[in-house]
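J.: quick one: sequence and predicted model below, then my questions.
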Amino acid sequence: MARFGSLIKLCVIFAWVRSFMDASLERLLGLDGPSGFEDRVRSFLEVEFRRYADRVYMDGVGNLYAERLGDEKRRLMFCAHMDEVGFMVQHITQTGFIRFTPLGGWDERVLPGMEVKILGKEEVYGVVATKPPHITSEAERKKVMEFDELYVDTGLNPKELGELGVEVGIPIVPTSTPRERGNIVKSKALDDRVGCYNLLRILRQFQTGSDTPTLVFVATTQEEVGTRGAHVVSNTQRADVALVLEATVAADTPNVPEDKCPSRMGVGAVLTVMDRSMIANQNVFHTLKKLAEKHGVKHQIKKPGFGGTDAGPIHLAGSGIPSGVISVPCRYIHTANSYMDLSDIEEVLKLSETFIQEFPEKP
């Protein structure tokens, strides 16, 4: 009976740990943080960083840093960006319709009909709208609507919007309820809250010492508008190697030929050999690949040439920081509803921790 009670207690503890980690990811996905307005995400991460790190600090553009002290002669930096793609209020018409401009890369095809949240003094919900199909020509119906043809309709007039703090320069985010079914998670902002979650998991779980490098964890700002936060990181941080933890394009979907599919969901961690912002340091890339093969970590190589990350400016810092990118594949990235597979997160974490354990003296 005592043994049975201990087993129940062990199961309860395991369930609590599992739910705690899942709750952190769900919390990150539920926070709003478009480029330049990452405060809510940073506040959550700062509380968590301070629980586990030896040192936590912030720079002038809002990048958040946490350090776990090990061998100070060897420094390994992990980076993930806090911001998500969003919009900004550009103009409010005399009847209360809101013209907007993008914060980050959007495909206009996914915008009409999307529910959004305007982050004024109070949160105001609206819908991205355009001319009704009933009064458009056949040519107009076949055309992708551009930003200057779209607007946000909240149903409020300018006076009501003003009372709620909605004015030019206020950020807007897509709305989406995170949902989980089996291993599959659907949410906005997977790019790159999943990377921030991975920073937290490594920080919580990995114990440093004299035989491990000092670990520097950086949650960056404004990646989606030109890796701006990472440019500051590249000017201020010294590291022997930098690994960027990202979400990347999974296109294992109908009508996408195999040679145009950057990565596939459920196949494991994605290693970047080249994208639009960098060619990965070959020693770092091949070390990651060999470690994955040695330790049975499921992995795939991202088809070259797609996307860009914070590794772009970081690998050019000072005399150069050898850099690599490990990503979680996500379908429908840069939309209000992306998909990812939780098993891919675990492979990214296994590879990251293996890299720490076998961190080379010279990358």
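T.: Now that the structure is in, tell me what you want to look at.
J.: switch to C-alpha atoms for all contacts and neighbour counts from now on
T.: Noted.
J.: now the helices for the chain?
T.: For the chain, helices defined by DSSP state H occupy the ranges 2-30, 39-52, 138-141, 158-163, 190-205, 228-236, 282-295, 311-314, 342-357.
J.: where does the protein have low pLDDT?
T.: Across the chain, residues meeting the criterion (pLDDT under 70) sit at 1-21, 360-363.
J.: and it, what are its domains?
T.: Segmentation of the chain into domains, based on automatic domain parsing, reads 23-84+188-357, 86-174.
J.: for E115, list each beta-bridge partner.
T.: Beta-bridge partners of E115, counted by DSSP bridges, are V127.
J.: what's the burial count for it?
T.: When neighbours are defined as other C-alpha atoms under 10 Å, E115 has 19 of them.
J.: ok, the closest residue to A336 other than its chain neighbours to N63 distance?
T.: Leaving aside its sequence neighbours, A336 sits nearest to K188 (C-alpha to C-alpha, 6 or more residues apart in numbering; 4.6 Å). Noted for K188: a distance of 22 Å to N63, by C-alpha to C-alpha, to the nearest Å.
J.: which one of the two has more residues nearby?
T.: Shown here are K188 and N63; by other C-alpha under 10 Å, K188 has more neighbours (27 against 21).
J.: follow-up on the earlier one: the residue nearest to A336 reaches L29, doesn't it?
T.: Yes: judged on C-alpha atoms under 8 Å, K188 makes contact with L29 at a distance of 6.7 Å.
J.: which neighbours do those two share?
T.: Applying C-alpha atoms under 8 Å, 6 or more residues apart in numbering, one finds that K188 and L29 are jointly contacted by P178.
J.: buried stuff in stretch 286-300?
T.: For stretch 286-300, the neighbour count (16 or more other C-alpha atoms under 10 Å) marks T287, L288, K289, L291, A292, V297, K298, H299, Q300 as buried.
J.: the fifth one contacts L351, doesn't it?
T.: Yes: here A292 reaches L351: they are 6.2 Å apart, a contact under C-alpha under 8 Å.
J.: contacts only, for N157.
T.: Q94, T95, G96, F97 are the contacts of N157 under C-alpha under 8 Å, 6+ apart.
J.: on that earlier part again, the helices of the chain: which one's closest to C261?
T.: helix 342-357 (16.8 Å; C-alpha to C-alpha).
J.: determine the set of other helices and strands touching that closest one.
T.: Applying 3 or more C-alpha pairs under 8 Å, 6 or more residues apart in numbering; DSSP states H and E, one finds that helix 342-357 contacts helix 190-205, strand 269-271, helix 282-295, strand 323-331.
J.: save those as TSV, and put in distance to G86 too.
T.: What follows is those, written out as TSV (distance: least, C-alpha to C-alpha, whole Å):
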stretch	distance to G86
helix 190-205	12
strand 269-271	25
helix 282-295	32
strand 323-331	18
